[in-house]
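K.L.:
no sequence on this one, just coordinates:
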DNA sequence: CCTTTCGATTGACATTTGTCAATTTTTTTC
DNA sequence: GAAAAAAATTGACAAATGTCAATCGAAAGG
């Protein structure tokens, strides 16, 4: 399973086998069945998690029991609750597996060590953070400036893979609309 | 003006006068009158900008001429278009001064040098990035899960200062609602 | 001090989106 | 392959938000 991670790092940067071995020495492995939690609301997040295979989501549950998905993540992506991880506070979110998934976990402190002992890896992680920031910024822009239909179109364009693998109700949740509204967008009334 | 920056850095970290002098050697200074641009759509962003005083905003203008404000920023905050800065692409956004402002600019490349020669500063900047990520994540969560009224209440609670200094129409734009809707939230119909 | 401008409010109405319940369709399980 | 469960669709209606135009009020400039 670590091979996926190796290939990922090699694709992004120039790294020696020795350095990869160092990273591996800090890694833990985990498999999750469908619907199993990686993190539950109230827990403190301790790991940076790399997804070797599968499909995950991060979401909250509000007072009325409605789920709000803030993120999907799949192979070669990282997932965690950065707020909880960074500040050691209980998480507001749940993270669970939409599909059976294989994960590589790096403990917070070990991650720090790994980033310092293998600088190219440290740089890679910082680059990811920068890119994630930009992605979030763009999502904020979209969500305050687009109609429900535009949001859906953009989602399909940006994440065609998710559009196929994720149940519609979850996509609606991610977009901040109801499943019914999404269904109606997709099946417009018989054209006049 | 650099004194504001010094105080800011000293508050967040332990740094010597020599190191601060190094940072100063990389800094440029800029004053903006009300409504002046720091960055215009289509430009490539070249600077990390620290706000020594004043109030700025980042926004886009859509096809219908509507403005969408993605961020306000004031004293002791950083502002730039990270996407443009990072990837050297033309910016989708405008940045301008809501109030007369004083800025300290760090050229992209010089910033890199500064972060490397003064590691505590590098760490500070990375910490800011992490926090910004978390703030954006929380904003995404809020915007997909809250009503217009809740968004406004949260805005006032989180940024009481902005709520006073920024024209209402701009707050509405930031929240992704129309000025009329915001006005109605604030002035509910005669009770009952 | 007067006039002009900009921001905020309000009304009337249109449009979008949500809610709830009932089906229908698809997927899963045995 | 039949039964059960989950997901998606649809209808009728309600609530939230947007649009456009008019008005009001404050403050900015001469």
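P.N.:
Now that the structure is in, tell me what you want to look at. Only a predicted model underlies this, so the values are computations on that prediction, with no experimental measurement involved. Numbers count the residues shown, from 1 in each chain, chains lettered A, B, ... in the order given.
K.L.:
Show me which residues of chain A sit near DNA strand C.
P.N.:
Contact residues, chain A versus DNA strand C (CB under 7 Å from any atom of the strand): A:147-149, A:176-178, A:180-181. (C-beta placed from N, C-alpha, C; glycine too.)
K.L.:
Among those, which one lies nearest to residue B:74?
P.N.:
Of all the residues of chain A next to DNA strand C, residue B:74 sits closest to residue A:176, with 28.0 Å by CB to CB.
K.L.:
Is stretch A:12-28 in proximity to chain B?
P.N.:
No - residues of stretch A:12-28 are not located near chain B by CB under 8 Å from any CB of the partner chain, the shortest gap being 15.1 Å.
K.L.:
Now do the buried residues in that stretch.
P.N.:
For stretch A:12-28, the neighbour count (16 or more other CB atoms under 10 Å in any protein chain shown) marks A:15, A:19-20, A:22-23, A:26-27 as buried.
K.L.:
can you put those residues in JSON lines and add pLDDT, secondary structure and distance to residue A:88?
P.N.:
JSON lines is the format used below for the buried residues of stretch A:12-28 (pLDDT from 0 to 100; DSSP: H, G, I helix; E, B strand; the rest coil; distance: CB to CB, whole Å):
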{"residue": "A:15", "pLDDT": "94", "secondary structure": "coil", "distance to residue A:88": "30"}
{"residue": "A:19", "pLDDT": "94", "secondary structure": "helix", "distance to residue A:88": "29"}
{"residue": "A:20", "pLDDT": "95", "secondary structure": "helix", "distance to residue A:88": "29"}
{"residue": "A:22", "pLDDT": "94", "secondary structure": "helix", "distance to residue A:88": "26"}
{"residue": "A:23", "pLDDT": "95", "secondary structure": "helix", "distance to residue A:88": "24"}
{"residue": "A:26", "pLDDT": "95", "secondary structure": "helix", "distance to residue A:88": "20"}
{"residue": "A:27", "pLDDT": "95", "secondary structure": "strand", "distance to residue A:88": "22"}
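K.L.:
For the residues of chain A next to DNA strand C, work out which two are farthest apart.
P.N.:
So, the residues of chain A next to DNA strand C by CB to CB: farthest apart are A:147 and A:180, at 16.1 Å.
K.L.:
Which helix or strand contains the residue nearest the centre of chain A?
P.N.:
Of all residues in chain A, the one closest to the mean position by CA atoms, centre = their mean is residue A:73, 3.3 Å from it. Residue A:73 is part of strand A:67-74, with elements assigned from DSSP states H and E.
K.L.:
Tell me the strands beside that strand, with direction?
P.N.:
Applying DSSP bridges, strand A:67-74 is found paired with strand A:47-61 (antiparallel).
K.L.:
hmm, the partner strand in reach of DNA strand D?
P.N.:
No - figure legend: strand A:47-61 not in contact with DNA strand D (CB under 7 Å from any atom of the strand); closest approach 12.2 Å.
K.L.:
if we can go back for a sec, tell me which of the buried residues of stretch A:12-28 is nearest to DNA strand C?
P.N.:
Among the buried residues of stretch A:12-28, residue A:27 lies closest to DNA strand C (CB to the nearest atom of the strand), at 30.6 Å.
K.L.:
Report the contact partners of the closest residue to the closest one other than its chain neighbours.
P.N.:
Excluding the flanking residues, the one nearest residue A:27 by CB to CB, 6 or more residues apart in numbering or on different chains is residue A:104, at 5.1 Å. Residues near residue A:104 by CB atoms under 8 Å, 6 or more residues apart in numbering or on different chains: A:1-2, A:4-5, A:27-30, A:49-52.
K.L.:
ok, which pair from those is furthest apart?
P.N.:
Within those, A:4 and A:28 form the most distant pair, 14.8 Å apart (CB to CB).
K.L.:
Looking at per-residue confidence, what score does the residue nearest to the centre of chain A get?
P.N.:
Per-residue confidence at residue A:73 stands at 96 (pLDDT).
K.L.:
Provide the partner residues of it in its beta bridges.
P.N.:
Legend: beta-bridge partners of residue A:73 under DSSP bridges are residue A:56.
K.L.:
can I assume it is in contact with residue A:81?
P.N.:
No - contact between residue A:73 and residue A:81 fails when scored by CB atoms under 8 Å: they sit 12.0 Å apart.
K.L.:
Report the set of residues contacting both of the two.
P.N.:
residue A:58.
K.L.:
Residue A:23 is in contact with residue A:113, correct?
P.N.:
No - between residue A:113 and residue A:23 there is no contact under CB under 8 Å: 10.4 Å.
K.L.:
what about the spatially closest residue to residue A:139 that is not a sequence neighbour, helix or strand, and which?
P.N.:
Excluding its sequence neighbours, the residue lying closest to residue A:139 (CB to CB, 6+ apart) is residue B:140, at 5.9 Å. Using DSSP H and E, residue B:140 falls within helix B:119-145.
K.L.:
List of residues touching the next helix or strand after that helix?
P.N.:
Following helix B:119-145 in sequence order, the next helix or strand is helix B:148-158 (DSSP H and E). With contacts defined as CB under 8 Å, 6+ apart, helix B:148-158 is touched by B:142-143, B:146, B:162-163, B:171, B:174-177, B:181-182, B:185-186.
K.L.:
Go through helix B:148-158 and flag the buried ones.
P.N.:
Buried, per 16+ other CB under 10 Å, within helix B:148-158: B:148, B:151-152, B:155.
K.L.:
and what of stretch A:126-133?
P.N.:
Quick answer for stretch A:126-133 (16+ other CB under 10 Å): A:126, A:129-130, A:132-133.
K.L.:
Dump those residues into CSV; add pLDDT and distance to residue A:108 as well.
P.N.:
Shown next, in CSV, are the buried residues of stretch A:126-133 (pLDDT from 0 to 100; distance: CB to CB, whole Å):
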residue, pLDDT, distance to residue A:108
A:126, 95, 16
A:129, 97, 14
A:130, 96, 20
A:132, 97, 17
A:133, 97, 20
